[in-house]
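Colleague: I'd like to go over a predicted model; first the sequence, then the structure.
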Amino acid sequence: MARKLRVSPLTPPLRIVLVEPEIPQNTGNIARLCAATQAELHLVGRLGFRIDEKAVKRAGLDYWHLVSLSVHPDLRTFELKNPSAKLHLFSANAKTSYLEMDVAPGDALVFGKESSGLPRDLLARHEARTYGIPSTSRAQRRWSCTKRCESAAVSRARGSKTTRAKRIFRAER
């Protein structure tokens, strides 16, 4: 049988932070991504669903035990518990492409709730580290939270600021 292609996990691991996620399927897909990449999943604030054992089992999340999961009442608590994690925020209104991110192992990719994103005051405080995912047309005006998270995490796994990727996906300013 052929060996599967594997990569060493980041040390310390990348942190994926979902602030007040509302859609359980998105969080489940992102949890699967975290399990596959050995990234940590941090859920922050009020959740739009339950994550107790019964709910997880009922949803068929057979990989949930592979997820390094932490739940925090607010983003400030996350920051206090992870002081070395530099925050990289995502917004549909960002002026900088995620391909411009300079992410280090242990940093945090922060995504807001599906309906309204991250709070404006938070984005204003971290404007220099707020990123978006460029699209090729207005028809693609919204990527799902899952796709944005996958794009950012996979980009990080390949290495941040790759010249070829920047040339291909340069954000319009």
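Modeller: Sure, I can see it. On a predicted model such as this, the values are computed, not experimentally measured, just so you know. Residues are numbered from 1 along each chain as shown.

Colleague: SS state for I16?
Modeller: strand (DSSP: H, G, I helix; E, B strand; the rest coil).

Colleague: Check which helix or strand L123 maps to.
Modeller: helix 120-125 (DSSP states H and E).

Colleague: so how far is that helix from its chain's centroid?
Modeller: Distance of helix 120-125 from its chain centroid, counting by C-alpha atoms, centre = their mean, to the nearest Å, is 18 Å.

Colleague: Repeat that for stretch 106-115.
Modeller: On the basis of C-alpha atoms, centre = their mean, stretch 106-115 sits 5 Å off its chain's mean C-alpha point.

Colleague: picking that back up, which parts of the helix holding L123 are buried?
Modeller: Neighbour-count burial for helix 120-125 flags 122-123 (criterion: 16 or more other C-beta atoms under 10 Å). C-betas here are computed from N, CA, C, even on glycine.

Colleague: Also stretch 116-136?
Modeller: Of all the residues in stretch 116-136, those buried under the rule 16+ other C-beta under 10 Å are 117-118, 122-123, 126, 129-133.

Colleague: Determine which two of those residues are furthest apart.
Modeller: Using C-beta to C-beta, the pair of the buried residues of stretch 116-136 lying farthest apart is L122 and I133, separated by 18.5 Å.

Colleague: one step back: so which elements touch the helix holding L123?
Modeller: Applying 3 or more C-beta pairs under 8 Å, 6 or more residues apart in numbering; DSSP states H and E, we find helix 120-125 packed against no helix or strand.

Colleague: Whatever helix or strand comes next after that helix: partners in the sheet, and parallel or antiparallel?
Modeller: The element immediately downstream of helix 120-125 (helix or strand, assigned by DSSP H and E) is strand 130-132. Looking at strand 130-132 with DSSP bridges, its partner strands are strand 87-90 (parallel), strand 96-97 (parallel).

Colleague: rank these by pLDDT, which is bottom?
Modeller: Across these, the stretch with the lowest average pLDDT is strand 96-97; it has a mean of 90.
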